[in-house]
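Enquirer: Fold the following and give me the result.
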Amino acid sequence: QVQLVESGGGLVQAGGSLRLSCAASGRTSSSDSMGWFRQASGKEREFVAATWSAGKPYYADYAPSVKGRFTISRDNAKNTVYLQMNSLKPEDTAVYYCAVGRGKYGSGVVSEYDYWGQGTQVTVSS
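Expert: Numbering: from 1, shown residues only. Here you go, the predicted model:
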C-alpha cells in the first residue's frame, strides 16, 4: 500500500511559477511510474507528466501542453516526486494529483495508476 500527500499548490499570476511536491509512504520501485495528473472544473482528469526508470537514468514524459514549461523530478532518498511549473497560464488552473502506477513505466493513462493523492489546487490568474 502506498499513501501519497501532495503540497505546494496555491494562487499565482500568469507567467509565475509553483513547485508541487508529493511524498510517498510505502514501498515504491524504480519501475513504478510516478505521475502528475490534473483535473479542471467540469473536465476529465488528464495526464501532465510521469517519471520512471528502466535501470538508469530516470526517464520523464510530458503532455504536449506542458512540455518545456513543467519539469518532473524524483528524489528516491525522500521517496518524493516534484513538479516544477514555470510560465504558468490560466489554462493550467486545476486540481493536481500525484499518482503511482505499479510497474507502469511512465504511462499517461489514468486507469493504469494504482494509488492517488488527495490533490492540491493550482489557480493561475490572468
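
Enquirer: give me the number of residues near residue 89?
Expert: 14 (other Cβ atoms under 10 Å). C-beta: built from backbone N, CA, C; applies to glycine.

Enquirer: Can you check the pLDDT for the residue most central in space within the chain?
Expert: Nearest to the mean C-alpha position of the chain, by Cα atoms, centre = their mean, lies residue 36 at 2.0 Å. pLDDT recorded at residue 36 is 98.

Enquirer: quick one: the strands in this protein?
Expert: 3-7, 10-13, 18-25, 33-39, 46-53, 58-62, 70-75, 80-85, 94-101, 115-116, 120-125 (DSSP state E).

Enquirer: which phi and psi does the nearest residue to residue 103 once chain neighbours are set aside have?
Expert: Using Cβ to Cβ, 6 or more residues apart in numbering and skipping residues adjacent in sequence, the residue nearest residue 103 is residue 31, 5.0 Å away. The phi and psi values for residue 31, taken as degrees, to the nearest 10, are phi -80, psi -10.

Enquirer: least trustworthy helix or strand in the chain by mean pLDDT?
Expert: strand 58-62 (a mean of 91; mean pLDDT, DSSP states H and E).

Enquirer: Parallel or antiparallel, list what pairs with that one.
Expert: Sheet pairing of strand 58-62 (DSSP bridges) gives strand 46-53 (antiparallel).

Enquirer: Can you give me the distance of the spatially closest residue to residue 86 that is not a sequence neighbour to residue 70?
Expert: Closest residue in space to residue 86, ignoring its immediate chain neighbours: residue 17 at 4.7 Å, by Cβ to Cβ, 6+ apart. For residue 17, the distance to residue 70 equals 10 Å [Cβ to Cβ, to the nearest Å].

Enquirer: Comparing these two, which residue is more hemmed in?
Expert: Between residue 17 and residue 70, counted using other Cβ under 10 Å, residue 70 has the larger neighbour count: 22 against 11.

Enquirer: hang on, the earlier thing: who touches both of residue 17 and residue 70?
Expert: Any residue near both residue 17 and residue 70 by Cβ atoms under 8 Å, 6 or more residues apart in numbering counts here, and that gives 84-86.
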